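Peer 1: model the structure of this input:
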Amino acid sequence: MTQAQTRNLLATLLALAFLPLCAFAQQTTGNIRGLITDPTGAVVPNAKVIIHDKKTNTSLNTQSASGGDYEFKNLPVGDYQMTVEAGGFKRLMLNDVRVQLNQTTDVAAKLEVGVQGESVEISAGGIELVDTATTNLSKGFNERQVVELAQTATGAGIYNLALIAPNVSSSGGVGVGTGGSIGGQRPRNNNFVVDGIDNNDKSVTGPQVYISPETVSEFSLLSNQYAAEFARSTGGQFITVTKSGSNDFHGTAYAFFRNRHLNALDNLQKTAGITRCTTLGDDSCMPRSDYGRFGFNAGGPVYLPRFGSGGPSVYRGKDKLFFFSGYERIQTGAAAGAGAIDAPTAAGFAALDRIPGLSATNLAILNTPDG
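Peer 2: I've put the predicted structure just below:
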């Protein structure tokens, strides 16, 4: 085997090592569909429809059918630019067309009569796009909402966002699980998916891994009438899609910290006479309660060294291959308070001592004042 063949074989094996071992049914994409019409409302067949992802510089195109309708399926979530072209009409450009997770975005395009070289540009960012293709009752949270909404700062992270969605209530003490009661179901019936992969803890109902909000592209909650791929659970479907790289390098670093020196006394502590002192062992002092969360993430095109004819060079993944990675660390610390212990009276110990089979040694330890 020549050196070139060996190098190609190693590259192939390396590529296979990064391939997924199995496929999962849960979708991590969305759809776009719509109807193309002229100023009179008549449908426009054979119009060319192009969607473009500016982040990765990728495009897809299709043609409207005889009824003027078009559709793009299984698109990664995000914002797209859509262009519609037809003979005898001005080119229509729609910016910021949002593809949402597990939803079909209905985008109607009304063309104006004119020369095809002329363009009409419209921003779809302020348009409330409604999914009319399914009966799903769902609530989606985009990248900005996931990071900025207060529910993501503590506890179960992004899954707390479900509590502000319709058809959701706090479960209280009923049932074990995470995410609240969805449509009247117990939390133990909820299902958790990350990038199409099962994320359910098999021992205690809830997510196996908590995803940092800083690495989430979109979070969606389906609460009823979901499609067949979600038939495994009767509760809410908690679906998370993580970020991916783009043609530009982007990164963030963040830190969140709180402790008793920064926190204010709540009303219960004030009523109990707790103060902000920090004397060790003083029960009247505010107890230690530390919480720190910090991390970073980065993404962009992949650059790799390449060897071959002409000497070493660099493989540039722009428009083709991207990466995204994140790291987060959580540190906590709390003071454990001393609790009261109930013990039998002397008469009670005497009664216990008369019971056959009880350990006299253990009873003696319990009956010792310093025990």
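Peer 1: can you tell me the SS state at the residue lying closest to Gly140 once chain neighbours are set aside?
Peer 2: Distances taken as C-beta to C-beta, 6 or more residues apart in numbering put Ser220 closest to Gly140, at 4.5 Å, once the chain neighbours are dropped. For every residue, glycine as well, the C-beta is placed using N, CA and C. For Ser220, the assignment made with DSSP: H, G, I helix; E, B strand; the rest coil gives strand.
Peer 1: so how far is Leu92 from Ser220?
Peer 2: In this structure, Ser220 and Leu92 are 29 Å apart, going by C-beta to C-beta, to the nearest Å.
Peer 1: between the two, who's got more neighbours?
Peer 2: A direct count of neighbours by other C-beta atoms under 10 Å for Ser220 and Leu92 places Ser220 higher, at 25 against 21.
Peer 1: can you pull out the helices in the stretch 201-350 of the chain?
Peer 2: 267-271, 346-353 (DSSP state H, counting those that start in this stretch).
Peer 1: what does the shortest one contact?
Peer 2: Contacts made with helix 267-271 from outside it, assessed by C-beta atoms under 8 Å, 6 or more residues apart in numbering, are listed as Met286.
Peer 1: change it to 10 Å
Peer 2: Residues outside helix 267-271 that contact it (C-beta atoms under 10 Å, 6 or more residues apart in numbering): 263-265, 274-276, 286-287.
Peer 1: so which of the residues you listed is the closest to Ala347?
Peer 2: Nearest to Ala347 out of these is Pro287 (C-beta to C-beta; 36.8 Å).
Peer 1: okay, the closest residue to the closest one other than its chain neighbours and Asn191: tell me how far apart.
Peer 2: What sits nearest to Pro287 in space, not counting adjacent residues and going by C-beta to C-beta, 6+ apart, is Ala335, at 4.3 Å. According to C-beta to C-beta, Ala335 stands 37 Å off from Asn191.
Peer 1: tally of neighbours for Glu112?
Peer 2: 12.
Peer 1: is it true that it touches Glu121?
Peer 2: No. Judged on C-beta atoms under 10 Å, Glu112 makes no contact with Glu121 at a distance of 11.8 Å.
Peer 1: what sits in contact with each of these two?
Peer 2: Overlap of the contact sets of Glu112 and Glu121 (by C-beta under 10 Å, 6+ apart) consists of 91-92.
Peer 1: where do the strands sit along the stretch 201-350 of the chain?
Peer 2: Taking DSSP state E, counting those that start in this stretch to define them, one finds strands in the stretch 201-350 of the chain at 216-224, 237-242, 250-258, 289-301, 303-306, 313-316, 322-334.
Peer 1: so which of these is nearest Thr29?
Peer 2: Closest to Thr29 of the strands of the stretch 201-350 of the chain is strand 237-242 (C-beta to C-beta; 8.6 Å).
Peer 1: the closest one pairs with which strands, and in what direction?
Peer 2: strand 191-194 (parallel), strand 216-224 (antiparallel) (DSSP bridges).
Peer 1: among the ones you listed, where is the model least confident on average?
Peer 2: Looking over those, mean pLDDT reaches its minimum on strand 216-224, with a mean of 87.
Peer 1: now do that one against strand 322-334, angle only.
Peer 2: 80 degrees (axes from the mean of the first three to the mean of the last three C-alpha atoms, to 10 degrees).
Peer 1: residues in contact with Ala65?
Peer 2: Neighbouring residues of Ala65 by C-beta under 10 Å, 6+ apart: 35-36, 43, 45-47, 71.
Peer 1: starting from Gly180, give me the distance back to it.
Peer 2: As judged by C-beta to C-beta, Ala65 and Gly180 stand 42 Å apart.
Peer 1: could you do Leu268 as well?
Peer 2: Taking C-beta to C-beta, one finds Leu268 at 25 Å from Gly180.
Peer 1: and for Lys139?
Peer 2: Distance from Lys139 to Gly180, counting by C-beta to C-beta: 12 Å.
Peer 1: which of these two has more neighbours?
Peer 2: Gly180 (22 against 17).
Peer 1: how about the more buried one, what does it touch?
Peer 2: Neighbouring residues of Gly180 by C-beta under 10 Å, 6+ apart: 156, 159-160, 162-163, 165, 168-172, 187, 190, 221, 235-236.
Peer 1: and if we set it to 7 Å?
Peer 2: 162-163, 168-171, 187 (C-beta atoms under 7 Å, 6 or more residues apart in numbering).
Peer 1: counting neighbours, which of those residues comes out on top?
Peer 2: When neighbours are taken as other C-beta under 10 Å, the top entry among the contacts of Gly180 is Ala162 (24 neighbours).
Peer 1: shouldn't it be within a strand?
Peer 2: No. Read with three-state DSSP, Ala162 is helix and lies in no strand.
Peer 1: hang on, isn't it packed against Leu221?
Peer 2: Yes. Using C-beta atoms under 7 Å, Ala162 is in contact with Leu221, at 5.0 Å.
Peer 1: list the residues that contact both of those two?
Peer 2: 236, 238.
Peer 1: ok, now how distant is Leu149 from Ser220?
Peer 2: Per C-beta to C-beta, Leu149 is found 14 Å from Ser220.
Peer 1: next: Ser246.
Peer 2: The gap separating Ser246 from Ser220 is 21 Å, by C-beta to C-beta.
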